[in-house]
Structure formats: C-alpha cells, structure tokens
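Colleague: starting from these lines, generate the structure:
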Amino acid sequence: MKKGNTIRIGVIGVGHLGNFHVKRLREISGISISGIYDNNPIRADEISNQYDVKSFLYIEKLLEISDAVSIVTPTPHHFEIANLALDKGCHLFIEKPITDNIEHAGLLLNKAEKLNKIIVAIRRLSLEHKSSCQQACRHQHFVLQEQQVHLLDYK
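Modeller: Alright, predicted model coming up:
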C-alpha cells in the first residue's frame with residue numbers, strides 16, 4: 001500500500017453506479033478515496049464537490065496514487081482501463097462483467113497473476129460486506145472461484 005495501512009481506492013467512472021461506489025467506499029473504515037476520474041469532466045466535478053474528493057483530469061495520475069481502483073465504466077472500456085491500472089500497480093474491483101469478451105478477461109487474469117494483483121468482479125457495492133474490500137486489497141493473490149474470478153455478490 002502506498003500510504004500506511006489505509007487502502008487508497010480510486011473510482012473510475014462516476015455515472016449512476018460510480019456515484020454509488022464513491023458514496024459506499026467513503027463509509028468503509030480503512031479505505032480512503034484517492035480520487036475519481038470520469039471522461040465527462042463536468043460530471044467528475046459534480047461528484048468531486050458532492051463528496052469532497054479529488055477529481056483527476058488524467059486517469060494515469062489517479063492510478064499512480066491508488067492501491068486499487070473501482071472500475072465503473074461501460075463494459076466495452078473495462079479491458080483498456082483495467083490493463084492500464086495493472087500496469088500502474090493497482091488491484092482491481094470491476095463492476096460486472098469484467099470485460100465484454102472472454103479473451104480480454106483471460107488476458108487480464110493472466111497479467112494480474114504475473115503482477116501479483118487481484119481482480120474482484122463486483123455486483124452492487126454495499127456496506128453489508130464492507131470488510132471484503134479491505135480484505136481483498138490486503139491479500140496478495142487472486143481471489144478464485146469457478147471462472148478464476150470471485151464474484152462478491154453485494155446486495
């Protein structure tokens with residue numbers, strides 16, 4: 001982790017679901033939001049002001065200061081963003097599905113394994129399982145289930 005015992009998580013994509021991720025992540029102890037990024041700077045500024053979190057104009061800058069990122073963009077963008085985040089040393093929480101095709105998912109899983117990073121597919125982030133985010137970032141291995149991805153089924 002880049003700063004003490006606090007896990008620094010960035011949120012990429014702050015539309016409807018991304019807004020929800022920012023709101024819930026703020027409520028989890030041991031986690032701080034390192035910032036947000038959205039390709040719509042007006043929306044990013046709205047969420048930044050609403051939750052008092054830093055908005056980044058460049059995704060790379062957010063990745064550089066984050067231990068993990070929550071990717072909450074439209075699915076066709078997941079692969080490119082996740083690949084870049086892995087290159088910058090981040091663990092990944094990706095709103096399901098991980099990618100829009102199995103080949104890209106396999107490439108990400110293999111890369112994450114080589115880099116000793118985790119990928120967690122999430123469905124509806126909730127405080128009911130708040131420790132899952134903390135525990136997942138502290139583990140230095142994949143969280144595995146059937147198709148090499150553990151689906152944290154948040155309610």
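
Colleague: where do the strands of this protein begin and end?
Modeller: Here the chain has its strands, by DSSP state E, at 7-12, 31-37, 68-71, 91-95, 119-123, 150-153.

Colleague: same question for the third one, mean pLDDT?
Modeller: Right, strand 68-71. Mean per-residue pLDDT for strand 68-71: 96.

Colleague: do the same with the first one
Modeller: Strand 7-12 shows a mean pLDDT of 96 in the predicted model.

Colleague: could you do the fourth one as well?
Modeller: This predicted structure assigns strand 91-95 an average pLDDT of 93.

Colleague: go on, stretch 106-122?
Modeller: On average, stretch 106-122 scores 92.

Colleague: just to revisit the earlier point, can you redo the strands of the chain as JSON lines with mean neighbour count?
Modeller: Any C-beta I mention is one placed from the backbone N, CA and C, and that applies to glycine too. Compiled in JSON lines, these are given as follows (neighbours: other Cβ atoms under 10 Å):
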{"stretch": "strand 7-12", "mean neighbour count": "26"}
{"stretch": "strand 31-37", "mean neighbour count": "23"}
{"stretch": "strand 68-71", "mean neighbour count": "26"}
{"stretch": "strand 91-95", "mean neighbour count": "25"}
{"stretch": "strand 119-123", "mean neighbour count": "21"}
{"stretch": "strand 150-153", "mean neighbour count": "16"}
